[in-house]
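[1] Next comes the sequence, and after it the predicted model I'd like to discuss.
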Amino acid sequence: MVKKKTTKDYIEPEEAVKIIENGAPHKVKPEAATDKATKEAQLLGSTKEAIQLRMAEIRGELLLRKAELRGSIDTIKARESAKEKAGKHLAVFGAFYLCLLVLAFLASVQFTDGENLAIVATLITLVVTQISSILKGITDVAEKRDPTELMHDIVQQQLENEHEKEN
């Protein structure tokens with residue numbers, strides 16, 4: 001059974017700010033209560049307000065953290081290159097596209113006579129091969145090298161070439 005939130009069960013952020021600014025409501029003032037029943041009522045009311053205040057603080061922190069994380073995700077997506085986006089898309093749908101082409105070939109065989117079947121098979125094979133190479137070109141990522149390592153390799157190569165010329 002789900003309990004509906006009423007105004008008594010939930011404290012608004014503005015009200016929570018007022019409570020924080022006006023002092024700690026969860027502390028019972030001893031001079032305000034004289035008998036035991038009154039003290040218990042004040043203590044229970046103050047505890048409930050303190051709990052509601054803490055819940056409002058936690059909700060605010062969670063909403064703020066959620067907004068920060070959503071902003072971080074949006075920033076990461078915005079910095080993605082087209083090659084990375086295409087690679088992710090093709091990782092999900094690439095096999096589907098190739099299967100669709102094979103199914104198109106099988107469907108075209110139904111309506112093609114035997115003499116033209118070799119031509120259709122050759123064309124479909126060519127298309128599938130080209131699409132596969134395009135997919136591979138998009139998804140392959142070249143290894144990035146440090147420029148200092150690259151310069152070191154070039155210098156080593158030149159020194160080896162000079163050493164070979166001397167001998």
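    Cool, the structure landed.
[2] helix or strand right after the lengthiest helix in the chain?
    Assignment by DSSP state H gives helix 36-78 as the longest helix of the chain. Using DSSP states H and E, the helix or strand that follows helix 36-78 in sequence is helix 82-110.
[3] got the angle between that following helix and helix 36-78?
    Helix 82-110 runs at 70 degrees relative to helix 36-78, counting by axes from the mean of the first three to the mean of the last three CA atoms, to 10 degrees.
[4] following helix 82-110, which helix or strand comes up?
    helix 117-139.
[5] For that following helix, name the packing helices and strands.
    Secondary-structure packing of helix 117-139 (3 or more CB pairs under 8 Å, 6 or more residues apart in numbering; DSSP states H and E): helix 82-110. Every C-beta, even on glycine, is put in place using the N, C-alpha and C of the backbone.
[6] For the helix it packs on, buried residues please.
    Neighbour-count burial for helix 82-110 flags 86-87, 90, 94, 101, 105 (criterion: 16 or more other CB atoms under 10 Å).
[7] and which of those residues is nearest residue 69?
    residue 87 (24.1 Å; CB to CB).
[8] Next, find the distance separating that closest one from residue 131.
    15 Å (CB to CB, to the nearest Å).
[9] what's the farthest-apart pair in the buried residues of helix 82-110?
    Checking the buried residues of helix 82-110 with CB to CB, the most distant pair is 87 and 105, at 26.0 Å.
[10] Please report how far residue 74 lies from residue 68.
    From residue 74 to residue 68 the distance is 11 Å (CB to CB).
[11] Grab the most central residue of this structure for me.
    Most central in the chain under CA atoms, centre = their mean is residue 73, positioned 5.2 Å from the mean C-alpha point.
[12] and that residue, how far is that from residue 107?
    Applying CB to CB, the value for residue 73 to residue 107 is 41 Å.
[13] quick revisit: which of the buried residues of helix 82-110 lies closest to residue 54?
    residue 87 (46.0 Å).
[14] On the pLDDT front, check that closest one for me.
    With respect to pLDDT, residue 87 has a value of 76.
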